[in-house]
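Asker: everything below, folded, please.
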Amino acid sequence: MKNIMIGVRFFIAATILTGLFYPVFITLIGQAFFPQSSNGRLDLIGQQFDQDKYFWPRPSSQGYNPLPSGGSNLSPTSKQLKDIVEERKQKLLKADPTKTADEIPADLIYASASGLDPHISPAAAVFQVERVAKARGLDSAKKDEIIKLIDKLTEGRDFGVLGEPRVNVLTLNAELDKLAK
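Answerer: Now for the predicted structure:
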C-alpha cells in the first residue's frame, strides 16, 4: 500500500509540474522574449500562391493545410516521388521557358518535411523574377527593384550559424504588391 501511495503522489506531482508549471513557464518566456512569434503570425506558415504574378512557395505535400502537417514520406527511390518532382519541374519550365531544368533550385521541386515552410532560398526567389516581372508587365528597371527587394527581405542564418539564408514568400509577395502600386 505504501508503494501505491508513493506512486499516486509522484503522479500528482508530475502532472502539476509538467501539465501546469512547465506550460505556464514556457508561455511566460515566449511572451517576454518572443511576443510576436509566440502569439502566432500568418507568415510563419507557408501559403499557397499559384498565379504567375506572385513568387511561388516551396511545394507542400499537405496542400498547405496545418492540421495534418508533415511530409509525404515517399522514398527517394519511389516512382511516385520521381513523377511528382518531374511534374513540378515541368510546371516551372512551362511558366518560364527561358530556364532549364538544371537551373531549378531544389526547394522549388521538393516539399519540406513539415509541408508548411513559409520560406524559399534566395536562389529560388531569383529564379522566379523573370516570370513574376513578365506577368506583371514590368521592365528591366523594375526587375532590378524586385531583386533588391529579395536582397532586403533575405533573412540570415539564425544566431549566425543555424539554417540557411531564406526569404519569406508571403512577406515578399505583400511587398511586391506594394511595389507595383
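Asker: ok, how many other residues are close to Tyr64?
Answerer: Tyr64 has 18 neighbours, counted by other CB atoms under 10 Å. C-betas here are computed from N, CA, C, even on glycine.
Asker: ok, the one 5 residues further on next?
Answerer: A total of 16 residues lie near Ser69 under the criterion other CB under 10 Å.
Asker: again, but for Leu138
Answerer: Quick note: Leu138 (other CB under 10 Å) scores 19 neighbours.
Asker: how about the strands of this protein, start to end?
Answerer: 119-120, 154-155, 166-168 (DSSP state E).
Asker: from the contact counts, what lies against the first one?
Answerer: Counting by 3 or more CB pairs under 8 Å, 6 or more residues apart in numbering; DSSP states H and E, the packing neighbours recorded for strand 119-120 are strand 166-168.
Asker: could you list every helix and strand in contact with the longest helix seen in the chain?
Answerer: Longest helix in the chain by number of residues (criterion: DSSP state H): helix 79-95. With contacts defined as 3+ CB pairs under 8 Å, 6+ apart, helix 79-95 has no helix or strand neighbours.
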